[in-house]
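A.B. asks: Make a model of this:
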Amino acid sequence: MAGALRGMGAVAGGLVAATGIKLIAALRSHPLGLRPCLAIMGLMVALIAWWRLPLVGVLLGVGLPACWLTWRRIAP
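C.D. replies: From the prediction side, this is the model:
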C-alpha cells in the first residue's frame, strides 16, 4: 500500500510539472512579464520544496502579493 501511494505521488508531481511547463508559454503575455513570473515561481518552489514550508502559508505570503502586483498592472 505504501509503495502504491508513493507511486501515485510521483505521478501527481509529474502531472503538475508537465502542466507548469505547458503554461510557461502563456507567461510571455502576462502583465508582469516573463522574468518576474519566473522569479516568483522559483521562490515558491524553493520555499515549498527546499525549506518545506506549508503550501497554504506560501500561497498567502507569496501568491497574494503576486496577485496584487498583477492587479496593479492591469487596473485602469
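
A.B. asks: C-alpha only now, for contacts and for neighbours.
C.D. replies: Fine.

A.B. asks: pull the helix or strand with minimum mean pLDDT from this structure.
C.D. replies: The weakest-scoring helix or strand in the chain, judged by mean pLDDT, DSSP states H and E, is helix 2-23 (a mean of 86).

A.B. asks: Give me the phi and psi for Pro54.
C.D. replies: Phi and psi for Pro54, reported as degrees, to the nearest 10, are phi -60, psi 140.

A.B. asks: which residue sits closest to it, ignoring its sequence neighbours?
C.D. replies: Counting by Cα to Cα, 6 or more residues apart in numbering, Ile48 is the residue found nearest to Pro54 once chain neighbours are left out, at 6.6 Å.

A.B. asks: hang on, the earlier thing: so which elements touch the helix or strand following the least confident helix or strand of the chain?
C.D. replies: Sequence order places helix 34-45 as the next helix or strand after helix 2-23, per DSSP states H and E. Here helix 34-45 touches no other helix or strand, going by 3 or more Cα pairs under 8 Å, 6 or more residues apart in numbering; DSSP states H and E.

A.B. asks: Now do the buried residues in helix 34-45.
C.D. replies: Along helix 34-45, these residues count as buried under the neighbour rule (16 or more other Cα atoms under 10 Å): 37, 44.

A.B. asks: sorry, back to before: and the residue nearest to Pro54, how far is that from Met41?
C.D. replies: The spacing between Ile48 and Met41, counted by Cα to Cα, to the nearest Å, is 11 Å.

A.B. asks: How about Pro31?
C.D. replies: 15 Å.

A.B. asks: do the same with Val62
C.D. replies: From Val62 to Met41 the distance is 9 Å (Cα to Cα).
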